[in-house]
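>>> Any chance you could fold what I've pasted below:
(chains A and B)
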Amino acid sequence: MHTDAAVAPSRLAHHFPDMKTQEHAARMGMWLFLSTEILLFAVLFTAYALYRFLFPVGFEEASKLAHVAMGATNTVVLITSSLTVALAIHYARHGENRKVVGLLAVTILAGAIFMVLKGIEYHHHWVDGQLPGSLYHYAGLKGPGVSMYFTVYFLMTGLHGLHVLIGMGVLAWVAVRAARGEFGPSYSTPVELSGLYWHLVDLIWIFLFPLLYLV
Amino acid sequence: MSQSPASSPVYNEPNYLDAEKGLRSWLTTLDHKRIGVMYLVLTLVGFFLGGVFALLIRLELLTPGPTIMDAMTYNRMFTLHGVVMIFLFMIPAIPGIFGNFFIPLMIGAQDVAFPRINLLSVYLYLAGAAIALVGMINGGTDTGWTFYTPYSTTTVTTVAPVLLGAFILGMGSIVTGLNFIVTVHTMRAPGVTWMRLPLFVWAMYATSVIQVLATPVLGMTLLLVAFEKVFGFGIFDPARGGDPILFQHLFWFYSHPAVYIMILPAMGVVSEVVQTFARKNMFGYKAVAFSSLGIAFVGFFVWGHHLFTSGQSTFASGVFGVLSMFVGLFTAIKVFNWTATMYKGAIQVSAPFVYFMGFLYFLVFGGLTGIALSTVSLDVHWQDTYFVVAHFHFIMVGGTIMAFLAGLHYWWPKMFGKMYSERWALAAAVLVIIGFNATFIPQFLLGNMGMPRRYYSYPEQFWPLNVASTAGASLLAFGFTLILFYLIASLVKGRASGPNPWLSRGYEWNTPSPPSLQNFPQTPEYDRGPHEYQDGPAAAEVKHAH
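Predicted structure coming up:
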């Protein structure tokens, strides 16, 4: 089942018959976890759909206040980071741990750039009073549904940003393990699963960007 | 018995209770059996608290007008009762206790797939319970367990800690479900095919699917309410363009499937009990297995029946009503098969079987009133009356708690290796079943007469039936206390049960009682399904008979 006899036995938990089953279980658990994440966001997508339907004009006007350039840059940054994390998985399987560390560092850096740009956007909205619900006090745009746009905007991007931060933490932990040379042909599940998580975070942004910035 | 290494259940190993000593060994354990026992203790504390609140509610309703508390205290009390019973007992109890303890034993595995995440779920339970209870005591939420907006976002009482607590409890529930799904998929021993899977495992599998797919929606929704309450985000606030009905949709998208999180495990438990005590394998195994999945599936499309009077379109209400009746269809399939399993069986009337009979009666009675309630025109009459309260309690208390007690008595010897007093157990079972009827049948009548739920006071004409209901509740409380006493007594001075006192052929009984720390000395292999009794008693069973 496993070729690397020095590594594999210590990785095998007592309750699994072999590494293949253990990794199958880990992968399945991750996919189920990702499905719960999608459902978590689904609530906000539902709210978005409903309020966009109720306030088409308010949402259209308010979404013009979003900073499209920064949002677009962030989209490119995140898609690039999805590429680097995919390459990291590839090299982990080949045991090239140094490359894994480098690629994960680039991924984490991309996450950091994303968060900084997001922070700048938030700062602008904050200064202008473009805030959720009762906190909204922007004089430039009034009308039904405008503050609701920012409620939905901050909830969706906030929850997504939290996921980016968590993903950066997880990838950092995996990078430390890669630096210790832990991954190889017989064992690369942590890189693979954290990569899956990062792809999901990326994927959600790919939906958020057009919905909140473009349409 | 024909399967190979597990046929001799006497292992030269310490059992899981004696393997390690001390509180620390329990708090850090990764053993699914110990985690099951921890859930037993924790959820019973929850059940006790919820029961005390229920008794206080019934005492207040003993007379018209204020009896022992004011209106606000009463509102807090029924909220406490609902939140504690649902989130601290009904949802986690059977999966947490019996699911953890028996799924690995039933599929021939050494543990669940993710033991550390399993322990995490216990701590999430503890953290969520602590936050919710502290919030309840400090501020005293008065919204009911449904947290309907805009009341929950404008009430003077504290709501946010309870919402946060429920969110964390939900995470624990998700983690448990995820763990079980992966366990069932990846860890079945050779020979435990899907079509040989014990029916309890099938039911837990269906439950887990709901836990994983529905709970995140509730979690997010409750967080939104908390954001709205604390920061004024306005997402459900009509004054800022928010839609309170959206909350109702999102809430019931979880909370209706959640009642199947509560009843499906119960259905799994009684499937095991009826096979053992009728000494017959399930009549229509596949129908029972797949109807669990059917309930889990249809359960996602019926939430709108909670919104019949919330301004939902008549067409939508009709569709949701008809879909709701499908649940009755799948349930009827199960009831038919359980009944047919008893036919020409060698029935042994012991405490678990009595609870099974109680379960069957309450489920059919409660289920039929459920069909009636899903009929839109009837529901408009019964909406928010005690009729709904009685229906819900018939399924939840009558169904789930009867099955919980059946499972507790059935598996008690396996979990602790001790027998309780059968005579006391039968007496308590009769007491509980009578007490339950006396509590909730009057509530059906009160509801039909128009007594609304969630009021601390009522007009004179409802007095006699309320007295009857409170009397029944006292009987119930007495019965539960009795059970607690003789079960604890059995731990202290009960006789050893032997590995298989019921001569059951469920897979989990191929272990010593209590099971050894390592479930099986080597992975078992099976060449028969569980509960195959056709070929008469096997030699090994006769040897262990008491």
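>>> Look at residue 23 and say how many residues are nearby.
Reading this off chain A. When counting by other C-beta atoms under 10 Å in any protein chain shown, one arrives at 20 neighbours for A:Glu23. Backbone N, C-alpha and C define where each C-beta goes, glycine included.
>>> wrong one, I was asking about chain B
Neighbour number of B:Leu23 under other C-beta under 10 Å is 7.
>>> And B:Thr157, by the same measure?
18.
>>> any idea how far B:Ile245 is from it?
According to C-beta to C-beta, to the nearest Å, B:Thr157 stands 23 Å off from B:Ile245.
>>> do B:Ser255 as well
Following C-beta to C-beta, the distance that separates B:Ser255 from B:Ile245 is 15 Å.
>>> Over to B:Val376?
Relative to B:Ile245, B:Val376 is positioned 17 Å away (criterion: C-beta to C-beta).
>>> Next: B:Pro198.
Spatial separation of B:Pro198 from B:Ile245 under the definition C-beta to C-beta is 42 Å.
>>> between these two, which one's more packed in?
For B:Pro198 against B:Ile245, the residue with the higher neighbour count under other C-beta under 10 Å is B:Pro198, and the figures read 26 against 16.
>>> Is it correct that that one is in contact with B:Glu272?
Yes: in this structure, B:Pro198 sits in contact with B:Glu272. The criterion is C-beta atoms under 8 Å, and the distance is 6.5 Å.
>>> Touching both of those two, which residues are there?
Listed contacts common to B:Pro198 and B:Glu272 are B:Gly506, B:His531; contacts here mean C-beta atoms under 8 Å, 6 or more residues apart in numbering or on different chains.
>>> which parts of chain A sit against chain B?
Within chain A, the positions lying close to chain B (C-beta under 8 Å from any C-beta of the partner chain) are A:13-17, A:21, A:24-25, A:28-29, A:32-33, A:35-37, A:39-44, A:46-47, A:50-51, A:54-55, A:58, A:132-135, A:144-145, A:147-148, A:151-152, A:155.
>>> Can you flag which of those residues belong to helices?
A:21, A:24-25, A:28-29, A:32-33, A:35-37, A:39-44, A:46-47, A:50-51, A:54, A:58, A:147-148, A:151-152, A:155 (DSSP state H).
>>> Can you give me every residue that contacts B:Thr523?
A:Pro17, B:Pro5, B:Gly108, B:Ala189, B:Pro190.
>>> So, low pLDDT: which residues of chain A?
When the per-residue scores of chain A are filtered using pLDDT under 70, the ranges that remain are A:1-9.
>>> now do 80
A:1-10 (pLDDT under 80).
>>> ditto for chain B
Low-confidence segments of chain B, defined by pLDDT under 80, are located at B:1-13, B:139, B:535-546.
>>> Longest helix in it, please.
Looking across chain B with DSSP H, the single longest helix is helix B:244-278.
>>> near chain A at all, that one?
Yes: Helix B:244-278 lies within reach of chain A by C-beta under 8 Å from any C-beta, at B:Leu246, B:Leu250.
>>> Name the residues of that helix that are buried.
Buried positions in helix B:244-278, judged by neighbour count with 16 or more other C-beta atoms under 10 Å in any protein chain shown: B:244-278.
>>> which helices and strands sit right next to the one helix or strand B:Thr470 maps to?
Using DSSP states H and E, the element containing B:Thr470 is helix B:463-493. Under the contact criterion of 3 or more C-beta pairs under 8 Å, 6 or more residues apart in numbering or on different chains; DSSP states H and E, the helices and strands touching helix B:463-493 comprise helix B:32-60, helix B:402-416, helix B:422-449.
>>> distance between stretch B:252-263 and the chain's centre?
Taking the mean C-alpha point of stretch B:252-263 and that of its whole chain, the gap between them comes to 11 Å (C-alpha atoms, centre = their mean, to the nearest Å).
>>> Dump it to CSV, restricted to CA.
Included here for stretch B:252-263 are C-alpha records, laid out as CSV according to Å, rounded to 0.1, in the frame of the first residue of the first chain:
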residue,chain,number,x,y,z
TRP,B,252,-37.2,26.4,9.1
PHE,B,253,-34.9,25.3,6.3
TYR,B,254,-32.8,23.9,9.1
SER,B,255,-35.3,23.5,11.9
HIS,B,256,-37.8,21.4,10.0
PRO,B,257,-35.1,18.9,8.9
ALA,B,258,-33.9,19.2,12.5
VAL,B,259,-37.0,17.4,13.7
TYR,B,260,-35.8,14.5,11.5
ILE,B,261,-32.4,14.8,13.1
MET,B,262,-34.4,14.1,16.3
ILE,B,263,-36.7,11.3,15.1
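>>> and B:Trp509, how many neighbours does it have?
Close neighbours of B:Trp509, defined as other C-beta under 10 Å, add up to 25.
>>> Let me know whether it touches B:Lys414 as I believe.
Yes: the pair B:Trp509 and B:Lys414 passes the contact test of C-beta under 8 Å, sitting 6.8 Å apart.
>>> Any residue of stretch B:155-166 touching chain A?
No: counting by C-beta under 8 Å from any C-beta, chain A has no neighbours in stretch B:155-166; the shortest distance is 14.0 Å.
>>> what's next to that stretch, contact-wise?
Under the criterion C-beta under 8 Å, 6+ apart, residues B:76, B:79, B:83, B:87, B:128-136, B:138-143, B:147, B:152-153, B:218, B:222-223, B:225-226, B:229-230 lie in contact with stretch B:155-166.
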